[in-house]
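# Turn this into a structure:
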Amino acid sequence: MACENSVSSYNGVHYFALGWRLIRLPGIRRFVVVPLLVNVLLLGGAFIWLFQRLGDWIPRLLSHIPDWLQWLSYLIWPLSVISIVLVFSYFFSTIANWIAAPFCGLLAEQLEGRLTGKPLPDSGWAAMIKDVPRIMKRELQKLGYYLPRALGLLLLYFIPGFGQTVAPVLWFLFSAWMLSVQYCDYPFDNHKVSFRQMRNALRQHKTANMQFGALVSLFTMIPILNLAIMPVAVCGATAMWVDRYRAQSGRLQG
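Reported below is the predicted structural model:
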């Protein structure tokens, strides 16, 4: 169980695994329901549609490879599949996070109170509804941070051979960072820590956060397991907040 200490020595793998246990805590399960339902309906339906289309998309993508690079097809084919699934999973998980953002914030809030024994002053459903405009503004900040970087990576795919080989690796690393930002932001935002200050704090423990985000990214691509990934990631990120960042939250605010 997460506990409040000065600096946690646990890595991102620990917090990801911990998230699977925390979603089952009595008193927390009811706050998991809405994020879980949003993920099941949106991400589940999107992946069913995707797997029905992959058979048409991959040959079209490979047809753009020059003849002199056809010998790389055996490598580019799986990388192309991974790339499509990565982009697709991140896109739809982002939409799901937009819809469920107020409920994810509430889940992070309630879990923090449970882990620390110190509930936040303004907690509960009424406070969540009041905070919806601020939460949506925060989601726009994350989108503004994400879009220019994502577009730059997507342009790499238009470079024959090199782009299709390198871009999937860079996209996975970028997705790992962004998913860490996405889910760690809920407890940070509950404490009114600015988006910029939150990113700076995460960079101080970048290895652990990249580990956490990479596992979230991988599980987002796995059918069935990806349906539960949103509340699991929120709970794991909240435990990380309690262990690593909560003690310095007053200094981070701004």
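# Would you mind listing where the stretch 151-254 of the chain has pLDDT under the threshold?
Along the stretch 151-254 of the chain, segments meeting pLDDT under 70 span 160-164, 249-254.
# for the protein, which residue is closest to the average position?
For the chain, the residue sitting closest to the mean C-alpha position, by CA atoms, centre = their mean, is Leu179 at 2.6 Å.
# Looks like that residue contacts Leu215 (just checking).
No: using CB atoms under 8 Å, Leu179 is not in contact with Leu215, being 9.0 Å away. All C-beta spots, glycine's among them, are computed from the backbone N, C-alpha and C.
# List the buried residues of stretch 208-217.
Buried residues in stretch 208-217, counting neighbours by 16 or more other CB atoms under 10 Å, are found at Ala208, Asn209, Met210, Gln211, Phe212, Gly213, Ala214, Leu215, Val216, Ser217.
# Go through it and list whatever outside residues touch any part of it.
Outside of stretch 208-217, the residues within contact range by CB atoms under 8 Å, 6 or more residues apart in numbering are 10-13, 15-16, 86, 89-90, 172-173, 175-181, 183-184, 202, 229, 233, 236-237, 240, 244.
# swap the cut-off to 7 Å and go again
Applying CB atoms under 7 Å, 6 or more residues apart in numbering, the external contacts of stretch 208-217 come out as 11-13, 15-16, 172, 175-177, 179-180, 183-184, 202, 229, 233, 236, 240.
# Of these, keep whichever come out buried.
Here, 16+ other CB under 10 Å leaves 12, 15-16, 172, 175-177, 179-180, 183-184, 202, 229, 233, 236, 240 buried among those.
# which two from these end up farthest apart in space?
Phe172 and Met240 (20.6 Å; CB to CB).
# which stretches of this protein form helices?
Assigned by DSSP state H, the chain shows helices spanning 12-22, 29-62, 73-116, 125-130, 132-156, 162-190, 195-203, 206-220, 229-240, 249-252.
# want to throw the buried residues of stretch 208-217 into TSV with distance to Glu139?
Output for the buried residues of stretch 208-217, formatted as TSV (distance: CB to CB, whole Å):
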residue	distance to Glu139
Ala208	24
Asn209	19
Met210	22
Gln211	24
Phe212	20
Gly213	17
Ala214	22
Leu215	23
Val216	17
Ser217	19
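# tell me the contacts of Val234?
Pro35, Cys104, Leu107, Ala108, Tyr183, Tyr186.
# between the residues you listed, which is nearest Met198?
The closest of those, once distances to Met198 are taken by CB to CB, is Tyr186, at 10.2 Å.
# Could you find the closest non-adjacent residue to that closest one?
Take Tyr186 and drop its neighbours on the chain: the residue closest to it by CB to CB, 6 or more residues apart in numbering is Ala108, 4.0 Å away.
# Which pLDDT value goes with the one you found?
Ala108 is assigned a predicted lDDT (pLDDT) of 94.
# Verify the stated contact: it with Pro187.
Yes: judged on CB atoms under 7 Å, Ala108 makes contact with Pro187 at a distance of 4.6 Å.
# thinking again about what came up before, closest to Ala46 among the contacts of Val234?
Among the contacts of Val234, Pro35 lies closest to Ala46 (CB to CB), at 15.9 Å.
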